[in-house]
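Asks: what's the 3D shape of this:
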Amino acid sequence: MAPPAAAAAAGEAAAQDGKGRRRRDCAIVGARLLTLGVQAAVMAAALALFLLFAATAAVLLLHLVVAARAFRNQRHGGRRYRVPQDYPSPPSCLGLSPAELRLLPCFAAAAAASSSSSTQLCAVCLESARAGERWRALPACGHAFHATCVDRWLARAPACPVCRSAVSVSVS
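Replies: Below is the predicted model of the structure:
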């Protein structure tokens, strides 16, 4: 048997060895955590640099595309598509003349009936007829409108605003 002092010294050494192992294990775990933290920081920095370069490249590419389109349009005289110059210009007045408009038949609107279903509606200005207003009926289709509304329409286009039938003036 070992003397009690030697046994006590061995027990203390074992206890110190256990504390030393724990300290070494804690140090290893701490070093591993530190290493993982450093790796995560390096990866985050690398990802941020990659995204920065990708965004810069996208902005540069967008700038090049816009500049190329501007130079291409400038080369063609500011127009993207060229229109041949040998086409005749459209006539300045496509509609009916004031003399032709005066030849179209007019009538005075009758008094509005009590029911709203029988009221006449001008398809140009979307207002209903009132008693005494001048209306004009187109001879080809029979559609009727306020005279002032349809005269402005027919001065631009010689067709009915509703059915697009051609308006012809009979000279008789």
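Asks: just checking, next helix/strand downstream of the longest helix seen in the chain?
Replies: Taking residue count as the measure and DSSP state H as the definition, the longest helix of the chain comes out as helix 4-75. Using DSSP states H and E, the helix or strand that directly follows helix 4-75 along the chain is helix 98-103.
Asks: Which secondary structure elements does that next one sit against?
Replies: Under the contact criterion of 3 or more Cβ pairs under 8 Å, 6 or more residues apart in numbering; DSSP states H and E, the helices and strands touching helix 98-103 comprise helix 147-156. For the C-beta atoms, the positions are set from N, CA and C on the backbone; glycine is no exception.
Asks: Do me a favour and average the pLDDT over the helix it packs on.
Replies: Averaged over helix 147-156, pLDDT sits at 88.
Asks: Going by neighbour count, list what's buried in it.
Replies: 147, 149-151, 153-155 (16 or more other Cβ atoms under 10 Å).
Asks: give me every residue that touches Gln120.
Replies: Contacts here follow Cβ atoms under 8 Å, 6 or more residues apart in numbering; on that basis Gln120 touches 109, 128-129, 135, 144.
Asks: try it again with 6 Å
Replies: Contact analysis of Gln120 by Cβ atoms under 6 Å, 6 or more residues apart in numbering lists Ala129.
Asks: Look at it and report its pLDDT.
Replies: 80.
Asks: So what does it look like in phi/psi?
Replies: Reported as degrees, to the nearest 10, the phi and psi values for Gln120 are phi -90, psi 140.
Asks: repeat for Cys141
Replies: Recorded main-chain torsions at Cys141 are phi -120, psi -20, according to degrees, to the nearest 10.
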